[in-house]
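Participant: structure for the following, please:
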Amino acid sequence: MSWSPGHFAVEHEDLPKLRELLDAGYDVEDDNGDGWTLLRHAIDTEVDGHIQSGEPLHVDVTVFLLARGADPLRPTDGVLPEAEAEARGHWLAAEIIRAWTGRSGNPDRTHVSS
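Facilitator: Predicted structure coming up:
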């Protein structure tokens, strides 16, 4: 699989490189052509790291991307990043996204209304 520089940095959780790219004007909404944005990739990478290592979940890449302007309400195939995080078991990212967007409680976590 060929990744863009931003996706490569996210996959390797290389925050200094990701910061360098974004500081240079790299698109925080970069996707790999099918809607898988850097934010969605961060959620996936953080979950995979937790599963593979047994270490606690973390949200450093997710939070950094949100802080740099990633859209937490950008759906892919009608699914919000929050819903994807919940479905993958990344409750921490889902909580951060809810707090970031001002959504509380347990909203519809599967789809965005059209």
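Participant: in the helix of greatest length in the chain, what's buried?
Facilitator: Counting by DSSP state H, the longest helix found in the chain is helix 38-53. Residues 38-47, 50 are the ones in helix 38-53 that count as buried (16 or more other C-beta atoms under 10 Å). Where C-beta positions appear, they are placed from N, C-alpha and C, glycine not excepted.
Participant: cool, stretch 24-33 as well?
Facilitator: Within stretch 24-33, the residues scored as buried using 16+ other C-beta under 10 Å are 26, 28, 30-32.
Participant: who touches the helix or strand encompassing T62?
Facilitator: In this assignment (DSSP states H and E), T62 forms part of helix 60-67. Residues outside helix 60-67 that contact it (C-beta atoms under 8 Å, 6 or more residues apart in numbering) are 10, 13, 15, 18-19, 28, 38-39, 42-43, 45-46, 72, 93, 96-97, 100.
Participant: could you find the lowest-pLDDT member of the buried residues of stretch 24-33?
Facilitator: When the buried residues of stretch 24-33 are sorted by pLDDT, the bottom entry is N32 at 78.
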